[in-house]
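Asker: here are the coordinates; sequence isn't available:
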C-alpha cells in the first residue's frame, strides 16, 4: 500500500530532479524547433514511456545487474549518446521551411516515429536510471513487501511530473517556432539550432559523470 507520505515525498524529490532543465528538456526543445509542436509532444510521450520502462526493468531485476556491471551501464549510456547525436545531425541536414519538406520527410517525422524516438531517448537517458536506482528506492516501505510492485507504482509519479513539465517546454518551444516560421530563412536556421541542441544534449551526457 502506497501512503500519502511516500507519494508527497517522492513527488517533491522528482520535481527537483525533473523540472531542472536536463537532457530530456533539451531534447524536447530541440525536437520542437526542428519538427514542430506536435512532434515534440509525441516525443514527450515516448520519453515518458521509455523512462517508465526503465523503472519496470529495474523493479524486476535490471537494477542489481547494473549495480554489478559498470560495462552494461556504460553501453546503455553511450548507445543513447550516439543516438542523440544521430538525431541532431539528421535535423540539421533536413532543416528547411515547411513548404520545402517532402512527403518522405513528413513520414520520417510522423507522430509514431516521434513516439518511438522519444522512447529510445528515455530508455537510454542516465537520469532515468538515477531516478529509479537512487531516488525511488528511498521511498519504498520494505515492511509492506512486494518491492517490485512498489517501484512500479511509485514510478508513475515522476512519469506524470515529467509529462507535465516536458509538455510545457514543448508547447513553449512550439509557439516560438510558429512565430519563426513566418520567415523561411528563420525557419531553416531554427531547425539547425534545434538539431545542434540535440547534439549538445548528447555531448553534455557524454561529458557528465553519471554513475549508478
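Answerer: Received, thanks. Quick caveat: nothing in here was measured; it's all calculated off a predicted structure. Residues are numbered from 1 along each chain as shown.

Asker: and the closest residue in space to residue 200 that isn't next to it in sequence, what helix or strand is that in?
Answerer: The shortest distance from residue 200 to any non-neighbouring residue, by CB to CB, 6 or more residues apart in numbering, is to residue 26 (6.6 Å). Backbone N, C-alpha and C define where each C-beta goes, glycine included. Element membership for residue 26 (DSSP states H and E) is helix 23-35.

Asker: Quick one: list the elements packing against that helix.
Answerer: On a contact count with 3 or more CB pairs under 8 Å, 6 or more residues apart in numbering; DSSP states H and E, helix 23-35 meets helix 37-57, helix 70-93, helix 111-124, helix 126-130, helix 147-180, helix 184-207.

Asker: average pLDDT for that helix?
Answerer: The average pLDDT within helix 23-35 is 79.

Asker: what do you get for stretch 6-17?
Answerer: 74.

Asker: and if you look at stretch 89-96?
Answerer: If you average the pLDDT over stretch 89-96, you get 71.

Asker: what does stretch 198-207 give?
Answerer: Mean predicted lDDT for stretch 198-207 stands at 74.

Asker: related to what we said a few turns ago, how far is the helix holding residue 26 from where the chain is centred?
Answerer: Chain-centre distance of helix 23-35: 9 Å, with CA atoms, centre = their mean, to the nearest Å.

Asker: got a markdown table for the helices and strands packed on helix 23-35, with distance to residue 15 and mean neighbour count too?
Answerer: Output for those, formatted as a markdown table (distance: least, CB to CB, whole Å; neighbours: other CB atoms under 10 Å):
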| stretch | distance to residue 15 | mean neighbour count |
| --- | --- | --- |
| helix 37-57 | 15 | 23 |
| helix 70-93 | 23 | 17 |
| helix 111-124 | 18 | 21 |
| helix 126-130 | 14 | 22 |
| helix 147-180 | 6 | 18 |
| helix 184-207 | 21 | 19 |
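
Asker: out of those helices, nearest to residue 9?
Answerer: helix 147-180 (9.7 Å; CB to CB).

Asker: which helices and strands does the closest one pack with?
Answerer: Counting contacts by 3+ CB pairs under 8 Å, 6+ apart, helix 147-180 packs against helix 4-19, helix 23-35, helix 37-57, helix 184-207.

Asker: Residues in contact with the first one: which ones?
Answerer: Counting by CB atoms under 8 Å, 6 or more residues apart in numbering, the neighbours of helix 4-19 from elsewhere in the structure are 24, 127, 130-131, 135-136, 138-141, 154, 157-158, 161-162, 165.
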